[in-house]
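K.L.:
Requesting a structural model of the entry that follows:
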Amino acid sequence: MNNLPETGFIRLPQVLAFIPVSKSTWWDGIKTGRFPKPIKLGPRTTAWRAEDIQPLIDSFADVAE
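P.N.:
Next up, the predicted model:
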């Protein structure tokens, strides 16, 4: 079920498909340190490392159980 790659970069729409928050909550979480910081791949391209997102997804799954 988990279509997240083990390594590489993922863009915001894919991140938010796994993390149940709004865009504004996501960006606020980055500012406060709750969520991982993005990596700029280009002037208008922002992504996150899959290795940073997977533990976050796992932590949400643990809370839901």
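
K.L.:
Could you list the low-pLDDT ranges of this structure?
P.N.:
1-2, 62-65 (pLDDT under 70).

K.L.:
residue ranges for the strands of it, please.
P.N.:
For the chain, the strands defined by DSSP state E cover 9-10, 39-42, 45-49.

K.L.:
and these as TSV, adding mean neighbour count and distance to Lys23?
P.N.:
Every residue, glycine included, has its C-beta placed from N, CA and C. Putting the strands of the chain into TSV (neighbours: other CB atoms under 10 Å; distance: least, CB to CB, whole Å) gives the following:
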stretch	mean neighbour count	distance to Lys23
strand 9-10	18	15
strand 39-42	10	17
strand 45-49	15	12
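
K.L.:
Can you lay out the ones you listed as a markdown table showing distance to Ile30?
P.N.:
Output for the strands of the chain, formatted as a markdown table (distance: least, CB to CB, whole Å):
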| stretch | distance to Ile30 |
| --- | --- |
| strand 9-10 | 15 |
| strand 39-42 | 12 |
| strand 45-49 | 9 |
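
K.L.:
Out of the ones you listed, which gets nearest to Thr32?
P.N.:
Thr32 lies closest to strand 45-49 among these, at 16.1 Å (CB to CB).

K.L.:
Could you give the separation of that closest one from the chain centroid?
P.N.:
Relative to its parent chain, strand 45-49 has a centroid offset of 9 Å by CA atoms, centre = their mean, to the nearest Å.

K.L.:
for it, packing partners?
P.N.:
Where contact means 3 or more CB pairs under 8 Å, 6 or more residues apart in numbering; DSSP states H and E, strand 45-49 is packed against strand 9-10, helix 12-18, strand 39-42.
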